[in-house]
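Student: When you get a sec, could you give me coordinates for this:
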Amino acid sequence: MSDAATALGAAVAWLWLGMVLAISFLEAPLKFRAPGLELRVGLAIGRLVFRALNTVEAVLAVVTVLALVLGTPGPVAVVGGVVSVVVLGVQLAVVRPRLARRSDRVLAGDDGPRSHAHFWYVGFEIVKVAALVVLGVTLLAR
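Tutor: Here you go, the predicted model:
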């Protein structure tokens, strides 16, 4: 079971990494460069996409924890897994609600001051990407 769990953990780490890179660092910024796309429409689409991404990430985080508990990951992989899961938790519990409040205001027609929460979200995404790379590489090496 431990070899299978370790292999599953590696697969999940790479899948999770690919999803974060594709959505956060490719789809999200490019969407707002599309000609004729209004900010409100882009925000509405982004909310749907990130809600779906974060839901899948939560499932992958649970599978990652199970794989680490049931497998033989080694301490470096455990750190990579824990950092990935904790960062996701912070994003979901702290940063996403702030982004939601801002997008609610924009969708309601308020163009008030810009939020810095996006910078925090991106910063956490960078940390999560690094942690997922560490997790995936160290699990594959086992």
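Student: List the contacts of the residue sitting nearest the centre point of the chain.
Tutor: Most central in the chain under Cα atoms, centre = their mean is residue 20, positioned 5.1 Å from the mean C-alpha point. Listed by Cβ atoms under 8 Å, 6 or more residues apart in numbering, the contact set of residue 20 reads 53, 57, 125, 128-129, 132. Every C-beta, even on glycine, is put in place using the N, C-alpha and C of the backbone.
Student: And it, how far from residue 85?
Tutor: According to Cβ to Cβ, to the nearest Å, residue 20 stands 13 Å off from residue 85.
Student: Equivalent analysis for residue 117, please.
Tutor: Residue 117 is 21 Å from residue 85, by Cβ to Cβ.
Student: try residue 96
Tutor: From residue 96 across to residue 85, the span is 15 Å (Cβ to Cβ).
Student: Likewise for residue 72?
Tutor: In terms of Cβ to Cβ, residue 72 sits 19 Å off from residue 85.
Student: okay, these two: which has more neighbours?
Tutor: Taking neighbours as other Cβ atoms under 10 Å, residue 72 and residue 85 compare with residue 85 leading, 21 against 13.
Student: just checking, the more buried one touches residue 66?
Tutor: No - taking contacts as Cβ atoms under 8 Å, residue 85 lies outside contact range of residue 66: 11.3 Å.
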